[in-house]
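# Below is the sequence, then the predicted model.
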Amino acid sequence: MDLNFNKNEDFNKLLVSDLKRKLAKVKLGGGQKRIDKHYEKGKMTARERIEYLFDNNTKSIEIGAFAGEDMYAEHGGCPSGGVVVKIGYIKGKQCIVVANDATVKAGAWFPITGKKNLRAQEIAIENKLPIIYLVDSAGVYLPMQDEIFPDKEHFGRIFRNNAIMSSMGITQISAVMGSCVAGGAYLPIMSDEALIVDKTGSIFLAGSYLVKAAIGETIDNETLGGATTHCEISGVTDYKAKDDAAALDKIKFIVDKIGDYEKAGYNRSESHPPKENEEEIFGILPKDRAAQYDMLEIIKRLVDNSEFEQYKEGYGQTILTGYARIDGWAVGIVANQRKLVKTTGSKTKPTEMQFGGVIYNDSADKATRFIANCNQKKIPLVFLQDVTGFMVGSKSEHGGIIKDGAKMVNAVSNSVVPKFTIVIGNSYGAGNYAMCGKAYDPRLIVAWPSAELAVMSGNSAAKVLLQIETAALKKKGEEITPEKEAELFNKIKSRYDKQISPYYAAARIWTDAVINPLDTRTWISMGIEAANHAPIEKPFNLGVLQV
């Protein structure tokens, strides 16, 4: 290994250490003091409830762990969006679990909480996965009600999705393990089956104080909407549990009886680890994000037996396309090649050097054809993003780069096989779109700590913004010295760099997670397993396409 490899390795392992530190902080929710108060009520935390539900010694993945990161500081913050969402196994069945974290503002719903809950339901709907709700929430966070209550993708959409999932035959089970108030009271009752924990669980449209104010009735919350009331008088809930563990045991019992599902039929054989050392990813991935490297070496450390059969290997070389297996699942990989490549010349087309990470006419054309082939063969697609965008300039424009790029975007948009996106490095501009960014419905999209998501790089954007700002200051008569210009540039770049961080994207659920590169195989494998619950219901059709 050379010195550059060692420098890269140290840098990327530090990024992973930072990721682990951030995750440890997130897992504390509202903090140890609030966790202790939670325990005093005889309750498990949201994460403990999920851990208890999941089968021992099985893998799980967490959606949106960094939701709300560095947001809502004026309201005291909202770690993990105040809700924990995980995909894992209950009695051998893959399920998605949504658990309110009552240590964060009593589990109240912030705007990002709503977005995260909707993302969990979207995953359940797309993959026809059973979904379990562990309810412990004070309802909408009133100081921000205008940003969570009335719009299409707000709080009310949750109950609309409950109804849609029910009509689709997707199993929904709710356990009321704490507060469940106002509009939120509809969620468990719109599920297939609802449980409630005695003494700690309660369901009502309005609590005792509001009832007193509204109609003058004096009543305590337990009599108004506790477990005995709803299991023996109203019939709102189906089962009463003595404590959290008993409620979770009942869910396990119910899930264990669910019948088998119709499978999509994606190809899977015996799983094999990569022959190349996965840890070497840290040394291959450059510290300098503008540096060239061979994406093929990354792929070899992600796929079974390090075997990758390239499609059109010598054509359109700034995108790698080919077939492989990940944890036994057959996949088609579309990856940005990050090394400088030399094209083969001819009488009509001279030899040229193409920059790594840039999508050229031929690479867009190749990717389009490969995506169509994977749809024809019913092979899930994996996109490995490290893209700076499409090639610009007169040669590319005259060659129809917009048309070729549109073809690729069309193929990605109309794909009917499940898509999974891993943002490894750069994810800039239209390259993000063509390589299946969030807007193009990947079943799961995750970022490595080395990722950046933005319209353009920090340096490029800062230079553009600097020109605008200096021009405005000069109009006001201000003199812009070189020192002043450098100060402005650094200020602009610092602000922009914060926005392109993978954690900024994860906080807003533009990605589902920031992950350790060594967990990539698990995310893809569990994602395809989830997708296998939902057979493809429509044929692949590119519509109107300019060939």
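Looks like it came in fine.
# and Pro449, what does it touch?
Listed by C-beta atoms under 8 Å, 6 or more residues apart in numbering, the contact set of Pro449 reads Asn12, Leu15, Val16, Asp18, Leu19, Pro502, Val514, Asn516. Where C-beta positions appear, they are placed from N, C-alpha and C, glycine not excepted.
# Same question for Val412.
For Val412, the contact set (C-beta under 8 Å, 6+ apart) comprises Ile371, Lys419, Tyr433, Ala434, Met435, Cys436, Tyr440.
# One more pass at 7 Å, please.
Ile371, Ala434, Cys436, Tyr440 (C-beta atoms under 7 Å, 6 or more residues apart in numbering).
# got it, and Ala194?
Residues in contact with Ala194 (C-beta under 7 Å, 6+ apart) are Ser174, Val176, Pro188, Thr237, Asp238.
# Filter the residues you listed down to the ones in strands?
Counting by DSSP state E, those place Ser174, Val176 in strands.
# so which of the contacts of Ala194 is the most crowded?
Of the contacts of Ala194, Val176 is surrounded by the most neighbours, 32 neighbours in total, counting by other C-beta atoms under 10 Å.
# ok, that residue touching Thr200?
No. The pair Val176 / Thr200 is not scored as a contact, 8.9 Å apart, by C-beta atoms under 7 Å.
# Now the top helix by length along the chain: average pLDDT?
When every helix of the chain is counted residue by residue (DSSP state H), the longest turns out to be helix 3-26. Along helix 3-26, the predicted local confidence has a mean pLDDT of 96.
# Return it as CSV; C-alpha atoms alone will do.
Backbone C-alpha positions of helix 3-26 (Å, rounded to 0.1, in the frame of the first residue of the first chain) are rendered in CSV as follows:
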residue,chain,number,x,y,z
LEU,A,3,1.4,6.6,1.3
ASN,A,4,-1.6,8.1,-0.6
PHE,A,5,-3.6,5.0,0.3
ASN,A,6,-2.7,5.3,4.0
LYS,A,7,-3.7,9.0,4.0
ASN,A,8,-7.1,8.2,2.4
GLU,A,9,-7.6,5.4,4.8
ASP,A,10,-7.0,7.6,7.8
PHE,A,11,-9.2,10.3,6.5
ASN,A,12,-12.2,8.0,5.7
LYS,A,13,-11.9,6.1,8.9
LEU,A,14,-12.1,9.4,10.8
LEU,A,15,-15.3,10.2,8.9
VAL,A,16,-16.7,6.8,10.0
SER,A,17,-15.7,7.5,13.6
ASP,A,18,-17.5,10.8,13.4
LEU,A,19,-20.6,9.0,12.1
LYS,A,20,-20.5,6.6,15.0
ARG,A,21,-20.2,9.5,17.5
LYS,A,22,-23.1,11.3,15.9
LEU,A,23,-25.2,8.1,16.0
ALA,A,24,-24.5,7.5,19.7
LYS,A,25,-25.7,11.0,20.5
VAL,A,26,-28.9,10.6,18.4
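# So which bits of the next helix-or-strand element following it are buried?
Scanning the chain past helix 3-26 towards its C-terminal end, the next helix or strand to appear is helix 32-40 (assignment: DSSP states H and E). Judged by neighbour count (16 or more other C-beta atoms under 10 Å), helix 32-40 contains these buried residues: Arg34, Ile35, His38.
# for whichever strand or helix holds Ala120, which positions count as buried?
Secondary structure here is read from DSSP H and E; on that basis Ala120 sits in helix 111-127. By neighbour count on 16+ other C-beta under 10 Å, the buried set for helix 111-127 is 111-121, 123-127.
# just the residues you listed now: which is nearest Gln94?
Nearest to Gln94 among the buried residues of helix 111-127 is Asn127, at 8.6 Å by C-beta to C-beta.
# Would you point out the most distant pair within the buried residues of helix 111-127?
Checked with C-beta to C-beta, the buried residues of helix 111-127 reach their widest spread between Pro111 and Asn127, with 25.1 Å between them.
# Find the nearest non-adjacent residue to Val97, please.
Here the nearest residue to Val97 in space, its sequence neighbours aside, is Ile132; by C-beta to C-beta, 6 or more residues apart in numbering that works out to 4.6 Å.
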